[in-house]
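Novice: 3D model of this:
(chains A, B, C and D)
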Number of protein chains: 2
Amino acid sequence: MLRAVDKHSGIPAYLQIMNIIKKEIMIGNLKEQDQLPPVRELQKTFNVNVNTVMRALERLQMEGILEAQHGVGYFIKESKMIKPEVIEILEKSVKELKEAGIDLNTTILILEEVWRNVK
Amino acid sequence: MLRAVDKHSGIPAYLQIMNIIKKEIMIGNLKEQDQLPPVRELQKTFNVNVNTVMRALERLQMEGILEAQHGVGYFIKESKMIKPEVIEILEKSVKELKEAGIDLNTTILILEEVWRNVK
DNA sequence: TTTTGTGTTATAGTTAATTAGTACACTAAT
DNA sequence: ATTAGTGTACTAATTAACTATAACACAAAA
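Specialist: Numbering: from 1, shown residues only, chains lettered A, B, ... in the order given. Below you'll find the predicted structure:
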């Protein structure tokens, strides 16, 4: 479910962690009021320092996504799960793109460009 | 065509520059043997220091995408343009996603997840 | 040969991200 | 009251990214 961070991607670890957690919420693996694993466990899972975990969680708090309870744990505060239709739209495209031999990075670059141009 | 870098995204500027140039190549705005604008101009366009431009261009050289000619300029060495069909696949999805009220960041997060799961 | 336009290199300083290590603070169960 | 499990805070040090500034090196045209 939760995976380690990629330390060679150039993307700051705390950003990656934020995104991983957001993703888990969006696909429904984490729902409102669910408790996160303890920070000392997250630290091992993501393979980073506690402070880095804290930075990620603090920012997710600021975004209203998490809530901290001192001495207890971190909880999902706001969770808007993505509709299955949305996943399906992407699944269809991804299949076609993979068949065309396109890789993920290329797809993201083109996607950003297309996003800007489509009305 | 070329846009300034987003200094608040958390993504290192040199990575953003690399991606912008790759994107221009993929959509066909830059073709093999085309010359890039001079580094002192790129510096202004991207709103960064020369050294940061250099770092991006050096790495693109290492990836075999650019070639430097001292005293002359930077040239596109390898350019594989994306097929229009691929763009169309994404355009169709993007339209649907926008209509569903999904934003770009969310799309990218879900896309990465879907990419991992689709065979 | 000089000038202009280009890439290249180097130094010094700043800031952000990350780590290690330690200690403290709150909560709930015993 | 104690303990175990949790979050929180702080200091010190390291590294990567970035900036400003300046100088140097090569190529082509005047």
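
Novice: could I get the average pLDDT for whichever strand or helix holds A:Thr52?
Specialist: Using DSSP states H and E, A:Thr52 maps to helix A:50-62. Throughout helix A:50-62, pLDDT has a mean value of 97.

Novice: quick one: buried residues of stretch A:51-59?
Specialist: A:52-53, A:55-57 (16 or more other C-beta atoms under 10 Å in any protein chain shown). In short, each C-beta sits where N, CA and C put it, glycine included.

Novice: what strand or helix carries A:Gly71?
Specialist: Using DSSP H and E, no helix or strand contains A:Gly71.

Novice: just the strands in chain A please.
Specialist: All strands of chain A, identified by DSSP state E, fall at A:66-69, A:73-76.

Novice: could you dump the first one to CSV, C-alpha only?
Specialist: So that's strand A:66-69. In CSV, the C-alpha atoms belonging to strand A:66-69 read as follows (Å, rounded to 0.1, in the frame of the first residue of the first chain):
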residue,chain,number,x,y,z
LEU,A,66,-5.2,15.5,7.9
GLU,A,67,-5.7,16.3,11.6
ALA,A,68,-3.2,15.6,14.4
GLN,A,69,-4.2,14.4,17.8
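
Novice: identify each buried residue in that strand, please.
Specialist: A:66, A:68.

Novice: who touches that strand?
Specialist: Identification of contacts with strand A:66-69 by C-beta atoms under 8 Å, 6 or more residues apart in numbering or on different chains yields A:21, A:36, A:57, A:60-61, A:74-77.

Novice: if we can go back for a sec, can I get the strands of chain A in TSV including mean pLDDT?
Specialist: Output for the strands of chain A, formatted as TSV (pLDDT from 0 to 100):
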stretch	mean pLDDT
strand A:66-69	97
strand A:73-76	98
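
Novice: in CSV, list those along with distance to DNA strand C.
Specialist: Shown next, in CSV, are the strands of chain A (distance: least, C-beta to the nearest atom of the strand, whole Å):
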stretch, distance to DNA strand C
strand A:66-69, 6
strand A:73-76, 9
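
Novice: now do the helices in chain A.
Specialist: Secondary structure of chain A, counting by DSSP state H: helices at A:13-26, A:39-46, A:50-62, A:84-99, A:104-117.

Novice: good, wrapping up.
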